[in-house]
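1. from the sequence below, what's the structure:
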Amino acid sequence: MTKTALQLYTLRNELKEDFEGTMHQVSRMGYEGIELAGDTGGMSAEVLHVFLKQIKLETASLHIPLEELENNLAYHIEFAHALGCRHIVCPYLEAERRRSIQQYKDLAAVFNRIGEACRKENITFSYHNHDFELLMLDGELPLAVILEHTDPSLVSIELDTYWVQKAGEDPLEWMERCKERLPLVHLKDMTRDDEAFFAELGTGRMDIEAIVKKRSKAMQTGRS
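-> Residues are numbered from 1 along each chain as shown. Purely as a prediction, here's the structure:
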């Protein structure tokens with residue numbers, strides 16, 4: 001069954017002001033889970049897990065910076081276990097790590113190592129895209145390079161459909177391309193003007209209905 005969680009980076013300012021109150025609002029809005037992006041309201045993983053259970057929210061996944069994954073992976077795996085969370089995601093690549101296709105190939109090896117360590121602990125490791133991985137670099141698409149040079153059993157994709165479309169690509173085509181390794185999908189909407197910025201879901205140009213239908217069908221057939 002497809003479940004809907006909220007990426008907490010969206011509420012980073014509100015969480016700084018009132019973490020617990022904001023989380024209660026998320027629960028009341030009908031979300032089934034959250035995706036953590038750093039801020040835990042000063043709570044330990046164990047305390048946070050109890051709090052989330054009380055307000056009926058699951059932790060769908062953790063966004064952990066690449067440097068942390070490289071240097072403190074064991075800590076973050078333990079944190080995920082304490083939350084009952086089975087997904088860890090690398091959310092972004094700093095510019096100095098993605099200047100060439102060779103760097104992406106080198107990163108693929110890093111992702112494989114992280115993914116192997118996660119798999120041993122029954123955690124799924126995924127990479128979250130932006131638009132730059134879908135812009136030609138040295139004659140290749142970086143996201144295609146990541147897919148080619150990572151082991152599908154170790155590295156999955158959290159496909160951000162907004163950023164796929166922002167790059168001029170088709171989200172549905174990339175969902176199909178990643179279908180065997182797509183446990184998580186990000187939904188955002190896009191304004192209809194030339195700026196193509198974030199929009200309230202359902203008000204913009206993204207074909208949200210088609211994306212959700214494709215995701216639901218993939219879940220029913222057991223592809224992800």
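
2. other SSEs contacting the least confident helix or strand in the chain by mean pLDDT?
-> Every helix and strand of the chain was ranked by mean pLDDT, DSSP states H and E. The lowest is helix 208-220, at a mean of 90. Here helix 208-220 touches helix 171-177, going by 3 or more CB pairs under 8 Å, 6 or more residues apart in numbering; DSSP states H and E. In this view, the C-beta of every residue, glycine as well, is placed from N, C-alpha and C.

3. pull out the buried positions in the helix it packs on.
-> Buried residues in helix 171-177, defined by neighbour count with 16 or more other CB atoms under 10 Å: 171-172, 174-175, 177.

4. buried ones in the least confident helix or strand of the chain?
-> Buried, per 16+ other CB under 10 Å, within helix 208-220: 208, 211, 214-215, 218.

5. how far away is residue 26 from residue 20?
-> Note on residue 26: its distance to residue 20, by CB to CB, to the nearest Å, is 11 Å.

6. more crowded one of the two?
-> residue 26 (20 against 12; other CB atoms under 10 Å).

7. could you pull out the helices in the protein for me?
-> 12-17, 19-28, 45-54, 66-71, 73-83, 101-120, 142-149, 161-166, 171-177, 208-220 (DSSP state H).

8. now what about the fifth one, what contacts it?
-> Spelled out, it's helix 73-83. Helix 73-83 is contacted from outside by 36, 44-46, 48-49, 52, 59, 62, 64, 68-69, 86-88, 114, 117-118, 121, 123, using CB atoms under 8 Å, 6 or more residues apart in numbering.

9. which of those count as buried?
-> Buried among the contacts of helix 73-83 (16+ other CB under 10 Å): 36, 45, 48-49, 52, 59, 62, 64, 69, 86-88, 114, 117-118, 123.

10. my guess is residue 205 contacts residue 193. True?
-> No - taking contacts as CB atoms under 8 Å, residue 205 lies outside contact range of residue 193: 9.4 Å.
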